[in-house]
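Colleague: what follows is a predicted structure for the sequence shown.
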Amino acid sequence: MKLFVIIVSIFFFCVANLSQAQVIRQSGNTFLSPDMLRQQQDPTLNPVSLWLDQGQELWKSHCQQCHSSVSETAKAVVHFPVWKGVSLTSGKLINIEDQIADCWSKKTGKIIPNDASEILTMSVFLSDEAKGLSVQVREPQDPMMKKHWQEQMNLAAQIYVRRQGRLNLSCTQCHDQQIGKNLRSDVVSPAFLTGFPIYRFSWQTMGNLDRRLRACYSGVQASVPASGSPELRALELFLKKRSEGMPWDGPSLRR
Amino acid sequence: MATLNQHPIRLNIIGTPSVGKEVEIRVLIAHPMETGYRLGGDGNERIPKNIIESIVIKFNQEPIMIAKLGTGIAANPLISVFIEVPVKGGMVSVEWKDDQGAQGRAEKMLVVA
């Protein structure tokens, strides 16, 4: 009888571990309530469509002269973040918002922060155009750049499993091991990066990935990195690499 | 900032507009709907109140719905009204005004099928 209990418990232990080891590649949309999914799919209900209207105007007035085709330009969305620059001192990872802000400053001659409303709007617009494309991170060809790029990837992989904050939690403990369970009143989804920027009802507005990651840091009561810091860019690269091959969902609705 | 239209608006008529049937008029307005209670910046200053005060939906210039909104309404309000499609179609329009003087309008033709 005792042996039987031991065998059964070993069996359940293995099954439990097996289910933990397999992370099913699911988009965050899988975890939305039917009501929210309906709201996201219907442009007459979805508040993101207001940003798309703004983006359309902005594209016509500021971007169209150089980038003639929206769909061609939007293809880059699924490749970011990319390594820019050769050396470690001058080079860095940049994401789509950094790229738009850089382009904006070159054109207007005014430096603009990468979380300004124009940049966010344009990011939403391009993200929507990139819907359905497969996420594919671009490795740099140059060996020196590749080395720095890989270092950033390794750094992010370490951050992802590092316990931090007063709650002493790492990303992986929730976003790999507790998927589908409730965290407060929300369902924990796996860390796949397929639908940003997001309209969050708790923010009452759109926000970029930096804002979302910073909310996670503050949620575990860790020191929050500044918006646009290299740590957040490295994490973005890691998450995008994790999501490689998944379809891009475009700007999404979250609670 | 000046480069962006701060208050885009979407007016949609949902459903088949055949006489006697119901259609839904859906209005989505970009507006922050600041309550005036939130603290901004360094946490010492209140973000000033900024609320849409009235929304009027008109059919052929005739008001069919007047709404007074308050601080309980979330940002980017979504208002929807059901109307019976009249024998002749007409122009559906919506006008809104907030407490800081900003306003907007949109209109759409209701063509009877």
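Modeller: Arrived safely. Small disclaimer: the values here were computed from a predicted structure and weren't measured. Residues are numbered from 1 along each chain as shown, chains lettered A, B, ... in the order given.
Colleague: quick one: name the residues of the stretch 151-255 of chain A near chain B.
Modeller: Residues of the stretch 151-255 of chain A lying close to chain B (Cβ under 8 Å from any Cβ of the partner chain) are A:Phe201, A:Gln204, A:Thr205. The way it works is simple: take the backbone N, C-alpha and C, and place the C-beta from them, glycine included.
Colleague: ok, of the residues you listed, which one's closest to chain B?
Modeller: Each of those was scored against chain B by Cβ to the nearest Cβ, and A:Gln204 proved nearest at 3.9 Å.
Colleague: could you tell me the model confidence score at that closest one?
Modeller: If you check A:Gln204, the pLDDT there is 92.
Colleague: how about the contacts made by it?
Modeller: Contacts for A:Gln204 (Cβ atoms under 8 Å, 6 or more residues apart in numbering or on different chains) come out as B:Pro32, B:Met33, B:Ala74, B:Ala75, B:Asn76.
Colleague: how near is the last one to A:Ile24?
Modeller: Right, the one you point to is B:Asn76. 33 Å (Cβ to Cβ, to the nearest Å).
Colleague: before we move on, what about the first one?
Modeller: Relative to A:Ile24, B:Pro32 is positioned 38 Å away (criterion: Cβ to Cβ).
Colleague: so does the helix or strand of chain B with the lowest mean pLDDT get close to chain A?
Modeller: Counting by mean pLDDT, DSSP states H and E, chain B has its least confident helix or strand at strand B:39-40, which shows a mean of 86. No. Strand B:39-40 is not in contact with chain A by Cβ under 8 Å from any Cβ; minimum separation 13.3 Å.
Colleague: which residues sit against that strand?
Modeller: Residues contacting strand B:39-40 (Cβ under 8 Å, 6+ apart): B:Glu45, B:Arg46, B:Ile47.
Colleague: how far off centre is it?
Modeller: In terms of Cα atoms, centre = their mean, to the nearest Å, the centre of strand B:39-40 is found 26 Å from the chain centre.
Colleague: likewise stretch A:69-79?
Modeller: Here the centre of stretch A:69-79 is set off from its chain's centre by 17 Å, with Cα atoms, centre = their mean.
Colleague: what comes up buried for it?
Modeller: Along stretch A:69-79, these residues count as buried under the neighbour rule (16 or more other Cβ atoms under 10 Å in any protein chain shown): A:Val70, A:Thr73, A:Ala74, A:Val77, A:Val78.
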